[in-house]
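1. fold the following.
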Amino acid sequence: MVWSVLLLGVLVGQAWAAHYVSADDCDWRTGPASPEVALRCRLQALRTGPDSTNFSLIQPDHTTSLTVLCSALFTESHLGNATFSSLRSLRALHLEQCKISEVPERAFAGLTELRNLTVRTYNGDWGALSLALAPRALEGLSLLQRLDLGHNNMVALPPTGLCSLRQLRSLNLTHNALETVAGLGCLGALSELDMSHNRLRQLDDGVLAALGSLRSLRLRHNRLDRLAPAALAGLAQLQLLDLSHNQLSGGLPPGLLGGTDLRELYLQNNTLSLLSPRTFSGLEQLVILNLSRNHLSSDGITHDTFADLIRLVILDLSRNQLRQVNGSTFQSQYSLQILHLEHNLIENVDDNAFSSLYNLHTLMLSDNRLSHLSVFTLNGLYVLINLALDHNRLENIHLDGFRNCSSLQDLQLSSNSLSNIPDALQYLHYLISLDLSDNRIASVSNATLSGMPNLHILRLAGNRIGNMTKGTFQSLHSLRRLDLSNNQIASLEHGIFDDASALNVILLNDNLLEDINGLFMNLAHLRLLNVSCNSIAWFDYALVPRQLKHLDIHQNYIEALGNYYELEDKMHLKILDASSNHIREINAGSFPNQIEMINLSNNRISIIHPFTFMIKHNLTKVNLTQNRLQNLDINAFRLKPTKSALPEFWIAENIYFCDCSMEWLQRINSLDGQYPQVMDLAKVVCQMPFGRRRPRLLLTEANSSDFLCKYKSHCFALCHCCEFDACDCEMVCPENCTCYSDQTWNSNIVDCSFTAHSTIPARIPMDVTELYLDGNDMTHLSSHSFIGRKNLKALYLNNSNIQSLHNRTFNGLVGLQVLHLDHNKITVLLGHEFENLTSLRELHLSHNRLSSLSNRTFAALRSLEVLRLDNNYLLEFPVWQLRANAVLRHVQLGHNPWSCGCAFLSRFQAWARGSPLRDAASVRCGRRGPFLLEFDASSCGGANGTGWAEAPAAGAQEPHQLPPGLVPLLIAAPSALVLVLLGAVLAACYRRQLKLWLHSRCGLRLFDRASESPERLFDAFVAYCPKDEPFVSQVLAAELETCSGGGKRRPLRLCLRHRDLAVPGCVAEAAVVEAVQCSHRTVVVVSEQFLRSEWCRFELKAAQASSVRRLIAVLLDDAGQDQWDVEARQCLRSALILRWGERRFWQKLRYALPDPQKGPPQRGGPPEPVARASAVKLV
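-> Numbers count the residues shown, from 1 in each chain. Predicted structure coming up:
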């Protein structure tokens, strides 16, 4: 029945909630079985007046809780009278962060059901702004039980402003600026008062007497420095008093606490130095007393100080100035369970000082000055569980020092001066945790660790322990955690930990270990192993148990993560720290497949094999920083596709060599789900292959054209002329130059800088995009020097001793954007030099010897943006004509001896006012004359003035000037002569290549004697070994006996030794001799088998004797001529030698053979009747 009623209530509540409507800036919730609504609204501020905040729109019947959260920014709010009067069912109202300076009278009128009111303005965050309560501001809230006025920066309470709150139980006034407790005298029902974080300085007698029901009084973090003896008079029900973090000094007034019923008293962080016998008199019910962080001394505490505190459970005297614990100090505290005496100056504890504390289970004596424990120091502590004696000066402990506290489970003895493990520990059969770290212990044996069968945790870090032998942990069968870090252990005997087979954690870091073989393999329960900061040089996963979860081997000398037995599928390792080692490479077997976190920073890793992390499905973090990574294969970080979160990689602080194979790394975070997220990609630094641009730069700042690779030659897949010279689609790097390209060949850089070239290097690739020829010695640039390089974007010819540019030097560079001709010796530009450079954006002509520029020199450069003419010898140049270059934005003309004529200066100044001139401060008249922009037109004395120094008349002709018509002729004649001589020299130098090309293309023979007599039966006789028959018949004869070149080349008539002279041995000699004599040429196919055969040697001799100057040797083997015997060398010394597979082999062979006889071309091999007839005739 009850469940049916509850279910009905829930259904009714849900049905009603479906009709509840709130404002857009509000959200609401209801209880599980109640229609009551808790509404939460976010507003900029509370307003009054015409645009006041209208709370009447909220449905009043079921709204029982309202929270108004104003903006955190400073926007002043205002409360009006009866602002919330429409919300008649409201029980809880919270106003947070609304910057209200005053709560007016009747502000909460109408809220007759209100039980809980919170007003937190946080005015203190905005300077001196504070909240003031009107005297009748809270009138009408007769049912209010909890009032929170904290964080308002209030300076005072209205004298009777709270008197109407008859039912008030809890009042929070924290974080204000109150200096007195005035205004609280009429709250007789108040049980909790919190005035922490105010400015109270004193409490006078009877100031709180009217608060008879008060149970909790919190006054911490004030400025209290004086308490009247009767300050707490009338507070008979007071159970909690917090006076901590004040300025109380000396001692408390006698009888201050006597009339109370205190259970908890907090006095920490004051400056109390004296506790009189009457300070805690009558506090028999006190349970918690905190006196820490004061100035209490042993003399300030007598045997009667705590005499009445018979029910005290927790006593904190830490961080005082106690020097001794007297035997009578705690004689009445038989109920005490926790005693804090740490961080004092205690040097001595009297015998039986704690004998009355037979309920004490925690004793903290750390950070004192104890040097020894006697047999009676801890006498009577039969139920003591936790004892802290760390950070003392203990040198010895009596053999029976722990006999009377044998129930100890946690013993802290770290940071003392113990030279060995105390024998007193043998009585602690229930001990679970023992900390002996940071002492002077030099040896550990089974005898010293006996008697502790339940020990789970043993800490021996920071001692002087050396080598250890098997059996040391024989009696510690329950040991789970062992800390031997920061000792002097150089070696451990094999199987030393086998006796403690339950070990989960072993810490051996910061020792001198060189080998860990045979130490941990049998520890099936081991989960964490730390052997970092040792001298281990070799590691294999077979050395650790398969169940290990966390392995730390950082800062050793390990060169490889060994996995000889291929255990990656069997290991359960999750976390691996192998940083600061000497690891050089990693692969898929370097990590178990279940690995999650890997730290390999600060190693020497230069190689990451492809698919190293491919099947590490649980991987979350990998740190590869501070290594020697230069190149990474695109599959090095490859992962299996996954929908879960991608692992995070850190790879910065490596000097990556970002050539064309590394461009993928820049896009790794935007690739598909098969690659990790590189968290420090913005910090990855690249060393670029071509350092002329930027030697090093951030990976994210690099352009795709910066990822380059060197090349010597490259032939595109669609290029079919790479076997020939002058092949435009073949990329061949010029001699003594370095060439780079990206993967797409959109960037093709040729660097011939400072290579002592006196002319433009031959065979510059046609697709070059940047050409660096600076730092050479090229006095003249001839015409068409760069013809066909239509993709060239930047050309550097600076600092190359160039004196003149010929007509059409830059012809064909339609895409050129940057041209550097600075730091040369150019004297004149005639106007035709840059005619076709319509895409040129930057032209650098500074630091030359230019004294004359044609008016049309820059006329065709419609895309020009940067022009540098500074540091030349220019006198007059109509710079105002540069207005025709519409996009020009940077011009430098400084350090030229400009003319001082008035006409030039006037026009120059008019142009310079709105021009892109960037070095106006360096533009002078003459070398040291006035600045041109400082020219004053009035100094010319009129329109025909001469200015500072008159320039030569425009129409005056200099002496010895040649007639204009004669200049082109004088230039053309020597140029033609030079071209003829150059052509002759090139023809002589390349005559062999030229005659081969003409013969293969046109059938012409140059530089050769007259053609052969056609009166021969065969064009060639081919001698060879029978084992070379496949090559001769299927390759050599197949090519020469068929038409080629699209039918332009006729087939040759060949006589093959073993195809056409199939005769018996008795007549073979005569047949071979006759075949050689009937052929224009004799072709000998020389191989190792040929030279070993006697018959073949006979044929070679016959061919050499009968075919002088007509013998051709085709070498099949790689063996050089130096391996031939004397007889073979004698026979072949006058032969033309060709090597099978060499460049242009077929062209050279056809050129060496006679041209076929005229007649209709024949296809296929020699006609069968001809071959057969020839054979018969020869026989």
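2. helix or strand: which one has H714?
-> Here H714, judged by DSSP states H and E, is contained in strand 713-715.
3. go through that strand and flag the buried ones.
-> Residues H714 are the ones in strand 713-715 that count as buried (16 or more other CB atoms under 10 Å). Yep, even glycine has a C-beta here, placed from its N, CA and C like the rest.
4. neighbouring strands of it in the sheet, and parallel or not?
-> Strand partners for strand 713-715, identified by DSSP bridges, are recorded as strand 730-732 (antiparallel).
5. quick one: the partner strand to chain centroid distance?
-> The gap between where strand 730-732 is centred and where its chain is centred comes out at 38 Å by CA atoms, centre = their mean, to the nearest Å.
6. cool, and stretch 781-790?
-> With CA atoms, centre = their mean as the basis, the distance from the averaged C-alpha position of stretch 781-790 to the chain average is 46 Å.
7. and what of stretch 1068-1087?
-> The offset between the C-alpha centroid of stretch 1068-1087 and the centroid of the whole chain comes to 74 Å, using CA atoms, centre = their mean.
8. centroid-nearest residue for the chain?
-> D680 (1.9 Å; CA atoms, centre = their mean).
9. mind listing what that one touches?
-> Taking CB atoms under 8 Å, 6 or more residues apart in numbering as the definition of contact, the neighbours of D680 are T625, W650, I651, A652.
10. skipping adjacent residues, who's closest to the third one in space?
-> Which is I651. Computed as CB to CB, 6 or more residues apart in numbering, the closest residue to I651 that is not its neighbour in sequence is L624, at 4.8 Å.
11. the one you found: neighbour count?
-> Burial of L624 is recorded as 25 neighbouring residues (other CB atoms under 10 Å).
12. walk me through the domains of the protein.
-> With domains defined by automatic domain parsing, the chain comprises 15-168, 441-533, 537-695, 1018-1178.
13. related to what we said a few turns ago, how far away is the residue nearest to the centre of the chain from S501?
-> Here the criterion is CB to CB, to the nearest Å. By it, D680 lies 43 Å from S501.
14. so in terms of bridging, what pairs with the nearest residue to N631 once chain neighbours are set aside?
-> The shortest distance from N631 to any residue that is not its chain neighbour, by CB to CB, 6+ apart, is 5.8 Å, and that residue is F657. Beta-bridge partners recorded for F657 (DSSP bridges): Q687.
15. contacting residues around F657?
-> F657 makes contact with Q630, N631, C686, Q687, P689, according to CB under 8 Å, 6+ apart.
16. secondary structure added to the contacts of D680, as a markdown table?
-> Compiled in a markdown table, the contacts of D680 are given as follows (DSSP: H, G, I helix; E, B strand; the rest coil):
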| residue | secondary structure |
| --- | --- |
| T625 | coil |
| W650 | strand |
| I651 | coil |
| A652 | coil |
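17. make CSV from those residues and add neighbour count, pLDDT and distance to G250 to it.
-> Conversion of the contacts of D680 to CSV gives the following (neighbours: other CB atoms under 10 Å; pLDDT from 0 to 100; distance: CB to CB, whole Å):
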residue, neighbour count, pLDDT, distance to G250
T625, 20, 97, 59
W650, 20, 97, 58
I651, 26, 96, 64
A652, 20, 96, 60
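18. and the contacts of stretch 554-569?
-> 531-542, 546, 577-586, 588-593, 599.
19. N746 and L708, how far apart?
-> Going from N746 to L708 by CB to CB gives 11 Å.
20. let me know the secondary structure of A1037.
-> Put simply, A1037 is helix when judged by three-state DSSP.
21. is it true that it touches L1054?
-> Yes. Counting by CB atoms under 8 Å, a contact exists between A1037 and L1054, whose distance comes to 5.8 Å.
22. if you count what's nearby, which of these two comes out ahead?
-> L1054 (24 against 19).
23. so who does that one touch?
-> Contact partners of L1054, counting by CB under 8 Å, 6+ apart, are F1018, D1019, A1020, F1021, V1022, A1037, L1040, E1041, P1166.
24. next SSE downstream of whichever strand or helix holds the fifth one?
-> With the criterion set as DSSP H and E, the secondary-structure element containing V1022 is strand 1018-1023. Under the assignment DSSP H and E, the closest C-terminal helix or strand after strand 1018-1023 is helix 1029-1031.
25. buried residues, that following helix. List them.
-> Applying a neighbour-count criterion of 16+ other CB under 10 Å, the buried positions in helix 1029-1031 are F1031.
26. returning to what we had before: pull out the buried residues from the contacts of L1054.
-> F1018, D1019, A1020, F1021, V1022, A1037, L1040, E1041, P1166.
27. out of these, which one sits closest to A756?
-> Comparing the buried ones among the contacts of L1054 against A756 with CB to CB picks out L1040 as the nearest, at 45.9 Å.
28. buried subset of the contacts of stretch 554-569?
-> For these, burial is judged from neighbour counts taken by 16+ other CB under 10 Å, and it is met by 531-534, 536, 539, 541, 577-581, 583, 585-586, 588-593, 599.
29. re earlier: make JSON lines out of the contacts of L1054 and add pLDDT and distance to A230.
-> JSON lines is the format used below for the contacts of L1054 (pLDDT from 0 to 100; distance: CB to CB, whole Å):
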{"residue": "F1018", "pLDDT": "85", "distance to A230": "143"}
{"residue": "D1019", "pLDDT": "85", "distance to A230": "140"}
{"residue": "A1020", "pLDDT": "88", "distance to A230": "138"}
{"residue": "F1021", "pLDDT": "88", "distance to A230": "141"}
{"residue": "V1022", "pLDDT": "90", "distance to A230": "136"}
{"residue": "A1037", "pLDDT": "86", "distance to A230": "133"}
{"residue": "L1040", "pLDDT": "84", "distance to A230": "132"}
{"residue": "E1041", "pLDDT": "82", "distance to A230": "135"}
{"residue": "P1166", "pLDDT": "43", "distance to A230": "141"}
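30. between the residues you listed, which is nearest W1124?
-> Distance to W1124, by CB to CB, is smallest for V1022 among the contacts of L1054, at 20.0 Å.
31. if we can go back for a sec, and the two most separated of the buried ones among the contacts of L1054?
-> Of all pairs drawn from the buried ones among the contacts of L1054, the widest gap by CB to CB lies between F1021 and E1041 and measures 13.4 Å.
32. quick one: residues contacting R459.
-> Applying CB under 8 Å, 6+ apart, one finds that R459 lies in contact with S414, L434, D435, L436, S437, D483.
33. close enough to count as contact, R278 and L257?
-> No. Contact criterion CB under 8 Å: R278 and L257 do not qualify, at 9.4 Å.
34. on that earlier part again, per-residue confidence at the residue nearest to I651?
-> With respect to pLDDT, L624 scores 97.
35. before we move on, what about the one 5 residues further on?
-> What the model reports for L629 is a pLDDT of 95.
36. and it, what is it in contact with?
-> Applying CB under 8 Å, 6+ apart, we find L629 in contact with I605, S606, I608, I651, N654, I655, Y656.
37. adding distance to L138, write those residues out as a markdown table.
-> Supplementary listing: those in a markdown table, determined by distance: CB to CB, whole Å:
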| residue | distance to L138 |
| --- | --- |
| I605 | 72 |
| S606 | 76 |
| I608 | 72 |
| I651 | 64 |
| N654 | 69 |
| I655 | 72 |
| Y656 | 71 |
